[in-house]
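Student: Here is my input, please return the structure:
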Amino acid sequence: MTFLELARLKRTGLAMAQLSEGSSVLAAQQEASYESASGFRDALLRLIRETPASLKHRTLLNAGWIDTPIGTMLAVGDSSRLHLLEFCDRKGLPNELNRLRTLTKSAIDFKETPVIESIGNELTDYFSGRSAAFHTSIAQIGSAFTRTVWDFLRTIEAGKTISYGEIARQMGQPTASRAVARANGANSLAIIVPCHRVVGADGSLTGYAGGLWRKQWLLTHERKHGFCSKPIKTTDQP
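Tutor: Have a look, this model is predicted:
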């Protein structure tokens, strides 16, 4: 998927929000920059919704857009847990969504839910400088090693950094720095599972899918406000 298509995906989501608020289909279509109603409907089916037949016997995950000072984020969750939180311009987002649908045997639709509302409120507190504590329940699917890395990431104090190699050493597997890096890159819950606090061996900012400028912004923001992180509730299976 190209950047233009990703941008259109964002606009389509905003258009869906307009529809849910009572706007006309034409207004929503124009918001998403589609010239024809049929093109708009097809895009909704292709990028957001799925055909009724494909929904049979499948769980429904709900998605919502969350605006932040450094870009719009996409949140996806079930009735009680958050599965994904990513910046909408991340190149790998379409693949992440497809992977999530496959692993959970779910379809994704746009709908405001208590989980989406909860993480939205907590992100508001985070970006306003009030708190870096996240209590929204999360669901992460991965190998035992990968989940161990993700658990470790949540112990890193806000504003502080650590290298891949140091994480491997503290986990008792000093030769596993590359595996740690892969697990770090597989994280699909930006900010709340803080992979942005992991740096290269020399302290340089490396490997952040949301963009190195965001990684720098987040670290600067956390140091400025002197956050103290607290653990978040986790469930590993869908």
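
Student: ok, how many other residues are close to G226?
Tutor: 10 (other CB atoms under 10 Å). For every residue, glycine as well, the C-beta is placed using N, CA and C.

Student: wait, what's in contact with it?
Tutor: By CB atoms under 8 Å, 6 or more residues apart in numbering, the contact set of G226 is G159.

Student: Quick one, grab the pLDDT at it.
Tutor: pLDDT recorded at G226 is 81.

Student: likewise G22?
Tutor: For G22, pLDDT reads 47.

Student: Same question for the one 5 residues further on.
Tutor: Note for A27: predicted pLDDT of 56.

Student: A43 now?
Tutor: On the pLDDT scale, A43 gets 58.

Student: what does P174 give?
Tutor: Per the predicted model, pLDDT is 95 at P174.

Student: Find the nearest non-adjacent residue to it, please.
Tutor: What sits nearest to P174 in space, not counting adjacent residues and going by CB to CB, 6 or more residues apart in numbering, is A168, at 5.6 Å.

Student: Check which helix or strand the one you found maps to.
Tutor: Assignment of secondary structure by DSSP states H and E places A168 within helix 164-170.

Student: list the buried ones in that helix?
Tutor: Y164, G165, E166, I167, A168, R169 (16 or more other CB atoms under 10 Å).

Student: same question, stretch 73-91
Tutor: Going by 16+ other CB under 10 Å, stretch 73-91 has these buried residues: 73-78, 81-90.

Student: which is the next helix or strand following the helix holding A168?
Tutor: Following helix 164-170 toward the C-terminus (DSSP H and E): helix 177-185.

Student: Point out the other helices and strands that that next one packs with.
Tutor: Secondary-structure packing of helix 177-185 (3 or more CB pairs under 8 Å, 6 or more residues apart in numbering; DSSP states H and E): helix 144-153, helix 164-170.

Student: So, low pLDDT: which residues of this structure?
Tutor: 1-58, 228-238 (pLDDT under 70).

Student: Report the central residue of this structure.
Tutor: The chain has L85 as the residue nearest its centroid, 1.5 Å off, counting by CA atoms, centre = their mean.

Student: Would you confirm that that one belongs to a helix?
Tutor: No. Using DSSP: H, G, I helix; E, B strand; the rest coil, the assignment for L85 is strand, not a helix.

Student: my guess is it contacts E122, does it?
Tutor: No. The pair L85 and E122 fails to qualify as a contact (CB atoms under 8 Å) at a distance of 10.3 Å.

Student: On the three-state scheme, the nearest residue to G185 once chain neighbours are set aside is what?
Tutor: Leaving aside its sequence neighbours, G185 sits nearest to G207 (CB to CB, 6+ apart; 6.5 Å). Classification of G207 by three-state DSSP places it in coil.
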